[in-house]
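Colleague: Task: produce atomic coordinates for the following.
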Amino acid sequence: MARRLLTLLAALLLALSIGQPSASAASFSNPVKSVKGADPWISYHNGNYYMVTTSWTDVITMRKSTTLAGLATAPSVQVWKGDAASRCCNIWAPEIHFLNGRWYLYYVAGQNISDYNPTQRTHVLESTGSDPMGPYTYKNQLNSGWMLDATVATINNQLYLFGSATGGGTQNIVAARMSNPYTLATGFSTVSTPTYDWERNGTVNEGPEILQRGGRTFLIYSGSGCWTPDYKLGQLTLTGSDPLSASSWTKKSTPVFQRSDANGVYGPGHNGFFTSPDGTENWIVYHANDSASDGCDNGRTTRAQKFTWNSDGTPNLGTPVRLGASLAGPSGEPSSTSTTYTVVNRNSAKCLEVAGSSTADGANVQQWACNGGNNQKWRLEDLGDDTHRLVNVATGKALDTESCSTADGADLRQWSWLNNTCQRFRFIATDGGHVRIVNQATGKVADATNCGTTDGTDVRQWTWLGNNCQQWRLTPA
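Modeller: Got it, this is the predicted structure:
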């Protein structure tokens, strides 16, 4: 009898534990991204989170981490650069979606730097394989007029594109059916306009995102102007049969997520949704300001938090949490995350290191068999302009191009941080999870001399040749 009671008790405890947060999940605190954090999107795929945000430049960068906490210090890797005058500049609101075995990256871009806003259009890229970091090729422009914030979703076995466009003096949510992820099958129709007072502080509906659960479809959108502290999230529920008809959507009269003066969060909006690694939790990612006077610019930071569901089956997004508050990470994550990386050459499989762990300015940087030493570990610090400084953990000094030389063969070494472009580097995705490390001042890449594979082979800069000796893997250490 006692054994039976113990068995029943164990079964009960197991049942109660299902769906509860993983005890081993790494804790984190907001912001998830403190630089260029506007219009965030997170997807979880094959053990990693992938995050993209608005860049305000001609490039799209992506961060990758096994934990939500790790996204805060993960390197921003360039996965796309504007490739034509019609879509060169001021990239906003990127999103990635996995459809038919490939990734599709939707984004907004303008035609020039000085007068970009009137020319903003929506574009789509396609990955060559199943890696969210690409490489990508350009596929199509998805609209002829001004449109922002594109997202896609499958509803009743049909793929739809949702975005935000102007009409009738307001900015509205529009939708079209697609024949494939890069081609429209219909024109756009308006499904929501700013009608309630809370969404008319700027008369804007934008940032549509589809949320589905239990056979129901919700459209969460941002209302009012992003330049106001009262930028908020609203909700439409699909109650009819045609997602292209405004009459098929029922709008909630009150916002579902909004500022919290008590928590110091203002203008929360332009969100995305993702699930925890074990699939038991729903999470929202969004941007917000930490002051009511902040506007619609690069000061917005990326935040994330778990949300729940009301008894009527609608989402309960809760209240935005205070910056710096310690939160349990998504259920099913690893128990910890690293803030440092090894930089491993693709050709030799050896690690970038400071020779002999020297702390001197000018100490050589070379490759060596990976051994876990601190002189082979680097902090890859995002500088907010799509570049990074690579700071050696053992010495605290930065990777540097000798004398700011632009010559092929100029040495890469360490030096005290001078905050010049010779010490700033871009990570540009190649394939297979590798990157080229490009100096901001010279445009040249980190290169293993003469493709050497021995310990002590010098690392220098060289014109990009596209070979494996110039490619590196950034691996959490």
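
Colleague: is it true that residue 353 lies in a strand?
Modeller: Yes - assessed by DSSP: H, G, I helix; E, B strand; the rest coil, residue 353 belongs to a strand.

Colleague: bridging residues for it?
Modeller: residue 366 (DSSP bridges).

Colleague: Now do the domain split for the protein, please.
Modeller: 25-316, 341-476 (automatic domain parsing).

Colleague: Report the mean per-residue pLDDT for the first one.
Modeller: The average pLDDT within domain 25-316 is 96.

Colleague: Ends of that domain, what's the gap?
Modeller: 23 Å (C-alpha to C-alpha, to the nearest Å).

Colleague: My read is that residue 440 contacts residue 427, right?
Modeller: No - counting by C-beta atoms under 8 Å, residue 427 is not a contact partner of residue 440; they are 11.4 Å apart. Quick note: C-beta positions are derived from backbone N, CA and C, even for glycine.

Colleague: between these two, who's got more neighbours?
Modeller: residue 427 (25 against 18; other C-beta atoms under 10 Å).

Colleague: From residue 214, how far off is residue 451?
Modeller: The gap separating residue 451 from residue 214 is 56 Å, by C-beta to C-beta, to the nearest Å.

Colleague: higher neighbour count, those two?
Modeller: residue 451 (15 against 6).

Colleague: Could you grab the helix/strand/coil label for the closest residue to that one other than its chain neighbours?
Modeller: In space, and not counting its chain neighbours, residue 451 is closest to residue 469: 4.1 Å by C-beta to C-beta, 6 or more residues apart in numbering. At residue 469 the chain is in helix, as set by three-state DSSP.

Colleague: for the domains of the chain, which one sits closest to residue 327?
Modeller: Residue 327 sits nearest to domain 25-316 of all those, at 5.9 Å, using C-beta to C-beta.

Colleague: Pretty sure residue 381 is one of the things residue 339 touches, is it not?
Modeller: No - at 9.9 Å, residue 339 does not count as touching residue 381 under the criterion of C-beta under 8 Å.

Colleague: Now do the shared contacts for these two.
Modeller: residue 73 (C-beta atoms under 8 Å, 6 or more residues apart in numbering).

Colleague: ranges for the helices of the chain?
Modeller: 2-17 (DSSP state H).

Colleague: so how many other residues sit close to residue 193?
Modeller: With other C-beta under 10 Å as criterion, residue 193 counts 19.

Colleague: List the contacts of it.
Modeller: 167-168, 170, 172-173, 205 are the contacts of residue 193 under C-beta under 8 Å, 6+ apart.

Colleague: Out of these, which end up buried?
Modeller: 170, 172-173, 205 (16 or more other C-beta atoms under 10 Å).

Colleague: Now distance to residue 97 too, for those residues, in CSV please.
Modeller: Output for the buried ones among the contacts of residue 193, formatted as CSV (distance: C-beta to C-beta, whole Å):
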residue, distance to residue 97
170, 27
172, 22
173, 18
205, 21
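
Colleague: And the residues you listed, which two are furthest apart?
Modeller: 170 and 173 (10.4 Å).

Colleague: Now list whatever residues contact both of these two.
Modeller: Common neighbours of residue 170 and residue 173 (criterion: C-beta under 8 Å, 6+ apart): 193, 205.

Colleague: residue contacts, the closest residue to residue 404 other than its chain neighbours?
Modeller: Leaving aside its sequence neighbours, residue 404 sits nearest to residue 422 (C-beta to C-beta, 6+ apart; 4.1 Å). Contacts here follow C-beta under 8 Å, 6+ apart; on that basis residue 422 touches 400-401, 404, 439-442.

Colleague: Give me the ChimeraX select line for these, limited to the buried ones.
Modeller: Buried members of the contacts of residue 422, defined by 16+ other C-beta under 10 Å, are picked up in ChimeraX with:
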select :400,401,439,440,441,442
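
Colleague: Of the contacts of residue 422, which is the nearest to residue 473?
Modeller: Among these, and counting by C-beta to C-beta, the member closest to residue 473 is residue 439, at 18.8 Å.

Colleague: Do I have it right that that closest one meets residue 420?
Modeller: No - assessed by C-beta under 8 Å, residue 439 is found out of contact with residue 420, at 10.9 Å.

Colleague: for residue 433, what are its contacts?
Modeller: 131, 133, 473 are the contacts of residue 433 under C-beta under 8 Å, 6+ apart.

Colleague: can we see that at 10 Å?
Modeller: By C-beta atoms under 10 Å, 6 or more residues apart in numbering, the contact list for residue 433 reads 64, 77, 131, 133, 346, 471, 473-475.

Colleague: Mind putting those into TSV with neighbour count and distance to residue 280?
Modeller: Converted to TSV, these look like this (neighbours: other C-beta atoms under 10 Å; distance: C-beta to C-beta, whole Å):
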residue	neighbour count	distance to residue 280
64	21	23
77	24	29
131	20	26
133	23	27
346	20	37
471	25	38
473	15	31
474	21	30
475	13	29
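
Colleague: could you dump those to JSON lines with distance to residue 186?
Modeller: Below are these laid out as JSON lines (distance: C-beta to C-beta, whole Å):
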{"residue": "64", "distance to residue 186": "35"}
{"residue": "77", "distance to residue 186": "36"}
{"residue": "131", "distance to residue 186": "31"}
{"residue": "133", "distance to residue 186": "32"}
{"residue": "346", "distance to residue 186": "45"}
{"residue": "471", "distance to residue 186": "43"}
{"residue": "473", "distance to residue 186": "43"}
{"residue": "474", "distance to residue 186": "42"}
{"residue": "475", "distance to residue 186": "45"}
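
Colleague: Just name the closest of these to residue 395, please.
Modeller: Using C-beta to C-beta, those come closest to residue 395 at residue 474, 19.0 Å.

Colleague: wait, which of the domains of the chain is closest to residue 334?
Modeller: Here domain 25-316 is closest among the domains of the chain (C-beta to C-beta), at 5.4 Å.

Colleague: that older thread, among the contacts of residue 193, which ones are in strands?
Modeller: In strands, defined here by DSSP state E, the members of the contacts of residue 193 are 167, 170, 172-173, 205.

Colleague: related to what we said a few turns ago, for the residue nearest to residue 451, grab the count of nearby residues.
Modeller: Residues within reach of residue 469, counting by other C-beta under 10 Å, total 23.
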